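Participant: Dropping a prediction and its sequence here:
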Amino acid sequence: MPKKKPFVLRMDPEVLKAVEKWAVDDFRSSNGQIEWIIHEALLKAGRLPQTNAGQ
């Protein structure tokens with residue numbers, strides 16, 4: 001598994017609350033949900049390198 005780089009993310013409290021609820025609904029952690037959302041957005045936009053597109 002590739003090493004992950006930690007960083008701070010500031011979010012509007014209402015957005016975070018919505019992400020947390022969505023994460024619970026999908027049986028993920030909030031962090032996992034945010035990673036999934038970003039990954040899906042990058043795939044949709046064609047912004048992921050080919051080596052990471054299949055994850």
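Facilitator: That came through fine.
Participant: Spell out which helix or strand contains residue 35, please.
Facilitator: helix 30-45 (DSSP states H and E).
Participant: who are the neighbours of that helix, in terms of helices and strands?
Facilitator: helix 13-25 (3 or more Cβ pairs under 8 Å, 6 or more residues apart in numbering; DSSP states H and E). Any C-beta I mention is one placed from the backbone N, CA and C, and that applies to glycine too.
Participant: Any buried residues in the helix it packs on, and which?
Facilitator: 19, 23 (16 or more other Cβ atoms under 10 Å).
Participant: for the helix holding residue 35, which positions count as buried?
Facilitator: In helix 30-45, counting by 16+ other Cβ under 10 Å, buried: 33-34.
Participant: Next, the residues that contact it from outside, please.
Facilitator: In this structure, residues lying in contact with helix 30-45 by Cβ atoms under 8 Å, 6 or more residues apart in numbering are 9, 16, 19-20, 22-23, 26, 28, 48, 53, 55.
Participant: what's the model's confidence in it, averaged?
Facilitator: For helix 30-45, mean pLDDT rounds to 96.
Participant: Just the C-alphas of it, formatted as CSV.
Facilitator: Coordinates of the C-alpha atoms in helix 30-45 are reproduced here as CSV (Å, rounded to 0.1, in the frame of the first residue of the first chain):
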residue,chain,number,x,y,z
SER,A,30,-14.9,10.4,7.6
ASN,A,31,-11.3,10.4,6.3
GLY,A,32,-12.0,7.4,4.0
GLN,A,33,-15.1,9.1,2.7
ILE,A,34,-13.2,12.3,1.9
GLU,A,35,-10.5,10.3,0.1
TRP,A,36,-13.2,8.4,-1.9
ILE,A,37,-15.0,11.6,-2.9
ILE,A,38,-11.7,13.2,-4.1
HIS,A,39,-10.7,10.0,-5.9
GLU,A,40,-14.0,9.8,-7.7
ALA,A,41,-13.9,13.5,-8.7
LEU,A,42,-10.3,13.0,-10.1
LEU,A,43,-11.4,10.0,-12.1
LYS,A,44,-14.4,11.8,-13.5
ALA,A,45,-12.2,14.8,-14.5
